[in-house]
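[1] Got a sequence here, can you model it:
(2 chains)
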Protein chains: 2
Amino acid sequence: MRFCSRLLLSAALASIVSWTAAASEVPAQAMLGFHTEAAARQRALEQRFDTQLNAADLRQWLQRMSAEPNHVGAAHNLQNARWVRDRFQQWGWRARIETFDVLYPTLKEHSLALIAPRKFVASLQEPAVAGDATSQRTDTLQPYAIYGGDGDVTAPLVYVNYGMPDDYRELARRGVDVKGKIVIARYGGGWRGLKPKLAYEHGAIGCLIYSDPRDDGYGEGDVYPEGAWRPQSGVQRGSVLDTSLYPGDPLTPGVGATKHARRLDVADARSVLKIPVMPISYADAQPLLEALAGPVAPTAWRGGLPLTYHLGPGPAQVHLKIVSQWRLQTLHNVIATIPGRDSPDQWVIRGNHRDAWTYGAWDPLSGHVAMMAEAKAIGTLLKQGWRPRRTLVFASWDGEEPSLLGSTEWAEANADELRRKAILYLNSDANTRGFLNAAGSHSLQALVSDVAREVIDPQTKASVYERLRASMRVEGQRPGASEESKRIARQAKLGADLPIYALGGGSDFAAFLQHLGIASLNVEYGGEGEHDGIYHSNYDTFEHYVRFGDPDFSYGIAEAQTVGRIVLRVAEAEIVPVSFVGFADAVRGYLQELQALVKDKRETALALNELLEDGSFVLAADPLRRVLPPEREAEVPEIDFAALDAVVTRLKASAERYDAAHLAHVSSGSTLPDARRRQLNALLQGMEQALTMPGGLPGRDWYKHAIYASGALSGYGVKTLPAIREPGEAGRWDEAQRQLKSTTGVLSEYCDRLDRATTLLNQQR
Amino acid sequence: MRFCSRLLLSAALASIVSWTAAASEVPAQAMLGFHTEAAARQRALEQRFDTQLNAADLRQWLQRMSAEPNHVGAAHNLQNARWVRDRFQQWGWRARIETFDVLYPTLKEHSLALIAPRKFVASLQEPAVAGDATSQRTDTLQPYAIYGGDGDVTAPLVYVNYGMPDDYRELARRGVDVKGKIVIARYGGGWRGLKPKLAYEHGAIGCLIYSDPRDDGYGEGDVYPEGAWRPQSGVQRGSVLDTSLYPGDPLTPGVGATKHARRLDVADARSVLKIPVMPISYADAQPLLEALAGPVAPTAWRGGLPLTYHLGPGPAQVHLKIVSQWRLQTLHNVIATIPGRDSPDQWVIRGNHRDAWTYGAWDPLSGHVAMMAEAKAIGTLLKQGWRPRRTLVFASWDGEEPSLLGSTEWAEANADELRRKAILYLNSDANTRGFLNAAGSHSLQALVSDVAREVIDPQTKASVYERLRASMRVEGQRPGASEESKRIARQAKLGADLPIYALGGGSDFAAFLQHLGIASLNVEYGGEGEHDGIYHSNYDTFEHYVRFGDPDFSYGIAEAQTVGRIVLRVAEAEIVPVSFVGFADAVRGYLQELQALVKDKRETALALNELLEDGSFVLAADPLRRVLPPEREAEVPEIDFAALDAVVTRLKASAERYDAAHLAHVSSGSTLPDARRRQLNALLQGMEQALTMPGGLPGRDWYKHAIYASGALSGYGVKTLPAIREPGEAGRWDEAQRQLKSTTGVLSEYCDRLDRATTLLNQQR
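    This next block holds a predicted model:
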């Protein structure tokens, strides 16, 4: 998997503040968590760290690790695990392989054919391409949708666009029903796994998902091997597990899939889908789409194939067969640690997955080799006599692609210890040329900007902070820029901390952040390397990466410099280097969005229902191309935001007091008395956990975080204040009002804790 | 040609008011220009008129008239002229054919070939399609771009998207220069003739224009004959005369092309283009576009062909040859009149062109047969003893397609008489199933809504007013609706007069409205019939029209009912049925747009220049896909709108006084004394002419109207307050400020005249 920026267009951004802005006197070199002298020592350490990073290492490791298939259970994936463990050990880390046994279905038999109005048998193959030796191998997993159902179905076909909830509403307005049909959806618009889930809920008996060339093929650029983009036979594999319920092993929700764990029967695993699902290429999709009749698809639904997109159903009749081998498979996480010299029970965790759908040069190994470079450099520091104040835990996860298996099972198996000890989980996945892309807990926003100011962009020689800032400002100035882009540009102009995105789903941070409430970051470079075209296909090769990704691995080095700095600062800081004004502003922004959502839904429902009542939709419709009026929308009651509004105001005040106290402390040059320092850091270690709701989100209690969740109906895309927002978006206003109270309670306790931290800090003066 | 709604998306709408809203007591059946009793008589007359309209007539006339090619000079076009004249005479009209001699080049020789990197010879043919007997004929004009230059050129190809000014800016940022190249542009984004003009101004030596299937082919719907849309070999012919200077005969600008008129040499005719231009199909375009390399085209530039769109230049090398026969050709307008019984020197003019690019079933004959139905029904009223108060003039124009030749030369030849006599020019062109689409002078806005309330929509049996209102409201409620749509929807909700669009260019109203300042309307039905797919191609046939246009000709009848009512009301009204509050509100809206434009350009220039100065564009650009920063923009000075603002405020007050006086008069039941009535109507007859600027618009003095013009850089698309807006858009702020003064003067004199009219009306009481 990976962190797909395209799917995060709706991601929420925090407003921009600088933690240093909380006080009037800003020391030139203020560093979160370090007083001036310690900051100078820390910078010297980071410079020594940098000198140990070597692009040739990354290239060599990537070439070696991506030479053969790396899916869960593949021989080479296990070889890589052992080799990675050995490297960590060689570099001075304690390293071991930890295993879990998870449900892991693979294909036994599969086929797809058009049987009417003409015959066509889909190839389902991804042929080798010239100039890419890796793609010649024949031992990768064939394209499939893991955790789809088995089935042997024949039915008329219906084109459902992206297969998202709005798409089904449009189909209904055109009199098209998918009950008993096989649907074909294009990739995009929402997470892959939602497409078959929603199709099933609407009565479909099978689901095809294809890559449309407009979104993902020649419409984007020249196709591989001429260019980087998806060739006509390229297929995007992937998981369709219902991760909106819970990610990780379907048989062991909430607990580690250890050897003797209690397991559900497959039939009882709610996250496994019920209908067969197959991802296909646009070469295989074209004959199916050409054979559809029925209404012409709405304008926005039309893709890049040279045909008129119709909805069906039929006359295209499709036969889809999938038989899987349902069995347990062993995962191999590599866990490497360096015990802290002072606070061994405070952990800084850094992870990247190692398993891939095919070879994984891009996804995930480009990020994995950066993590290894960090580990090797830290090893050198160790050899030079350095020891971190806190414990470092580096993880090479297995089984991320099927459904974040390795990280989730490890986090669940070690939940109690993690809740007590983890300060930060720091993730990456595919990494490439471009801009710093950081997302996660907003208490870390200032730390990210601080670090970004000190890392040099390889192409421009400006800081990666300056480059990102320029990009935000140029983006906001573009004609037709969104209101959000304009807002970000205005904020970036101020030159304070740059906003980070909230985290949804899609990589190994999920269990840490959303299940356990551990402050998390996902940090990668990207936006200029051309990843999308080979995403989860047979062409995710070393050959492709060094042409179209990060040819000289300079962004691998930038990634190691950035993430390494964050690791070293959190590991070394006297006081955990978090700050809270950025978080308070982010929450204020999310609350404003919620209030706008309520207002917008209220006005929309009123306007819509008036038009429905006075018959305007019927009058305005073309009688020869009947589109029925939309459904009536429930009226939106008054929602009482007062208590939540008040606690968000209090949060800002508490945050300002804490950040000011922190700044005053680090500027004072003195250190805290030991006991008070430990007391303060213990408070800060659990601060993000104070944002969890014990009962979890409505209907999906695995998800505990009150501020961030991957959307139940958007997949990777984040939903902020999810306990309120999701019922609201679905029109369940009573539930939203109830959850508003719970969220208010959570934030109130968070403020209490923050105020206690401030008191501890201020006592010293 | 025709009035292309797609090209008018940016058209300006007036705000909505009801003329009756100007007074507090609104009589139930108030009719502009008629007191209550006269209104009842008028409604009875209109009902008698309706009973004479017969769909079978329209069908039979259309089939006959579109059976053979109808281009200028075609035998069948002349036969149609004589037949139309004879029909008018048979129906009791005075009718005659009036001729002009105009420059009318036709193809002698033409060819297009790709000569590198591989060979391909374009077919340039539009083959017959199954089931369409008319398309089998071989005597239509081959596709060409009339008034393009001759040439025999070979050069590398460059793809320029729509070939509009912004597109050249984007090319420059990507280092692509068209100097010495042949450009290929797709249709859309602006008027056809601007594409080769701008290409020439940028140094290109040839221009191809093709119909991209995304905008105009299978991307829109099933192609002909399966569906209505453009098949792969369909070509859009058309004029590329530089009508931004002046339409009509290139050799006789400003005067009628009568036999002995003084003529320019072709070489001195500024409106004739200098480089060869060829319209081609997407079948012929695809091999050319496939052969382009260079940068990948920006996302918004990519069309619907199954390829990656590149900019070039080359390696595609193209050989383009065009040799024309440059000669004079005789046009045949049919002019039919019925002298007025009371005011023979006040003319109501109604026109539709008769010439076509091929058969013209849609364009223009679908509108022409509606006009004939009006004429026949009026003939019956004559036979029943009715005579119009004012003179009716009906015109069947020739030569509209090449460049509004027949109407322009007639208007220029009769300019003085028209200025003295014409009250209204009422145009139509292609007419089809759908919604009322009225555009033109806003003094006629209330009249249009009054009439629309009394015409029944054939499909829904609601009034066409109610149907249009429903459509405006639904459109504004759509998710993602533009701000303009939302505003229109809010206004339509009020239930007052519906807004009409301002008129740009594209059909025979141009000389009347924009050169002579005669109040004009273009009135058509459309939006549901599928016209675009065969526009200006060999498939504009009766067969296509009766499948995809208006199969039962019920919208032809609705058109005749609507336009006939407007003709009859203007012909019969005691007082010319114009009103002014709607116009005043429209002008206020245009002024607000101008003020927003100035503000927006000022802020954009400041923001852009700051980003240019601090290097953000360079930092944000991908060094491997270099896109240069945009050009610096001139700072926008303070523009003094005070005088214009004041006169627009005065205009509203004057308009309210006039409309109130008008309503009071028609409600009073009395009539004006004869002399005062004549004096008032004479004032109203010339009211719109008071909006002309004697010196014309900057740089193109043929265009005189101070409120409406077709855009110099948008073609059909209207520019309101053009003398100020166009220099402003181009950054020539001194000129804009000067023209602001002239426009203010024009509006001030208009208010004086309107106040005199009010005084005349009020004297009677």
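
[2] Which single residue of the stretch 401-550 of chain A ends up nearest chain B?
    A:Ala470 (3.6 Å; CB to the nearest CB). Yep, even glycine has a C-beta here, placed from its N, CA and C like the rest.

[3] How about the secondary structure of that residue?
    helix (DSSP: H, G, I helix; E, B strand; the rest coil).

[4] And it, how close does it get to A:Ala462?
    Look at A:Ala470 and A:Ala462: by CB to CB, to the nearest Å, they are 8 Å apart.

[5] what touches both of those two?
    Common contacts of A:Ala470 and A:Ala462 (CB atoms under 8 Å, 6 or more residues apart in numbering or on different chains): B:Leu619.

[6] Neighbour count for the two, which is higher?
    Using other CB atoms under 10 Å in any protein chain shown, the more surrounded residue of A:Ala470 and A:Ala462 is A:Ala470, with 23 against 16.

[7] Now for the more buried one: which residues touch it?
    Counted by CB under 8 Å, 6+ apart, A:Ala470 has contacts A:462, B:611, B:615-620.

[8] Of those residues, just say which sits nearest to A:Ile184.
    B:Ala620 (38.3 Å; CB to CB).

[9] who touches the closest one in this structure?
    So B:Ala620 contacts A:467, A:470-471, A:473-475 (CB under 8 Å, 6+ apart).

[10] pLDDT at it, what is it?
    You'll see B:Ala620 listed with a pLDDT of 95.

[11] Roughly how far does it sit from A:Ala660?
    Taking CB to CB, one finds B:Ala620 at 34 Å from A:Ala660.

[12] repeat for A:Gly517
    In terms of CB to CB, A:Gly517 sits 26 Å off from A:Ala660.

[13] who's more crowded, those two?
    A:Gly517 (25 against 19).

[14] so that one is in which element?
    Using DSSP states H and E, A:Gly517 falls within no helix or strand.

[15] Count the neighbours of A:Thr383 for me.
    Check again: residue A:383 is Lys, not Thr. 10.

[16] for it, what are its contacts?
    A:Gly92.

[17] For it, report the pLDDT, please.
    Confidence at A:Lys383, expressed as pLDDT, is 97.

[18] Near chain B, which residues of the stretch 301-450 of chain A are found?
    Residues of the stretch 301-450 of chain A lying near chain B by CB under 8 Å from any CB of the partner chain: A:302, A:304-308, A:433-434.

[19] Could you single out the nearest of those to A:Gly360?
    A:Arg433 (18.1 Å).

[20] do you know how far that closest one is from A:Tyr539?
    18 Å.

[21] More neighbours: those two, which one.
    A:Tyr539 (29 against 26).

[22] before we move on, the earlier item: present the contacts of B:Ala620 as CSV; the columns should include pLDDT and distance to A:Ala356.
    Putting the contacts of B:Ala620 into CSV (pLDDT from 0 to 100; distance: CB to CB, whole Å) gives the following:
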residue, pLDDT, distance to A:Ala356
A:Arg467, 97, 29
A:Ala470, 96, 33
A:Ser471, 96, 29
A:Arg473, 95, 36
A:Val474, 95, 34
A:Glu475, 94, 32
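
[23] can you tell me how far A:Glu572 sits from chain B?
    Separation of A:Glu572 from chain B (CB to the nearest CB, to the nearest Å) stands at 31 Å.

[24] What are the structural domain limits within chain A?
    Following automatic domain parsing, one gets these domains for chain A: A:33-103+A:329-460+A:500-573, A:106-326, A:582-763.

[25] just these: most buried one?
    domain A:33-103+A:329-460+A:500-573 (a mean of 23; mean count of other CB atoms under 10 Å in any protein chain shown).

[26] Tell me how far that domain lies from the chain's centre.
    14 Å (CA atoms, centre = their mean, to the nearest Å).

[27] Now do the end-to-end distance for that domain.
    5 Å (CA to CA, to the nearest Å).

[28] List the backbone torsions phi and psi for A:Lys321.
    A:Lys321 adopts backbone torsions of phi -130, psi 130, taken as degrees, to the nearest 10.

[29] With the one 10 residues further on instead?
    Here is the backbone geometry of A:Leu331 (degrees, to the nearest 10): phi -100, psi 150.

[30] separation between the closest residue to A:Lys719 other than its chain neighbours and chain B?
    With sequence-adjacent residues excluded and distances taken as CB to CB, 6 or more residues apart in numbering or on different chains, A:Lys719 is closest to A:Gly711, at 4.3 Å. For A:Gly711, the distance to chain B (CB to the nearest CB) stands at 18 Å.

[31] how about A:Gly711, phi and psi?
    Dihedral angles for A:Gly711 - degrees, to the nearest 10 - are phi -70, psi 140.

[32] how much space between it and A:Arg469?
    29 Å.

[33] Does A:Gln317 touch A:Gly180 like I think?
    No. Contact criterion CB atoms under 8 Å: A:Gln317 and A:Gly180 do not qualify, at 12.0 Å.

[34] Find the residues that touch each one of those two.
    With CB under 8 Å, 6+ apart as the test, A:Gln317 and A:Gly180 both reach A:Ala155.

[35] can you put the residues of the stretch 301-450 of chain A next to chain B in a markdown table and add pLDDT and secondary structure?
    As requested, those are exported to a markdown table (pLDDT from 0 to 100; DSSP: H, G, I helix; E, B strand; the rest coil):
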| residue | pLDDT | secondary structure |
| --- | --- | --- |
| A:Arg302 | 97 | coil |
| A:Gly304 | 98 | coil |
| A:Leu305 | 98 | coil |
| A:Pro306 | 98 | coil |
| A:Leu307 | 98 | coil |
| A:Thr308 | 98 | coil |
| A:Arg433 | 97 | coil |
| A:Gly434 | 97 | strand |
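
[36] which of the residues you listed sit farthest apart?
    Greatest spacing in those, by CB to CB: A:Thr308 and A:Arg433 (38.1 Å).

[37] Which residues are in contact with the closest residue in space to A:Met693 that isn't next to it in sequence?
    Nearest in space to A:Met693, with sequence neighbours left out and distances taken as CB to CB, 6+ apart, is A:Ala706 at 5.1 Å. Taking CB under 8 Å, 6+ apart, we find A:Ala706 in contact with A:691-693, A:721-723, A:742-743, A:746-747.

[38] Now A:Ala706: phi and psi?
    phi -80, psi -10.
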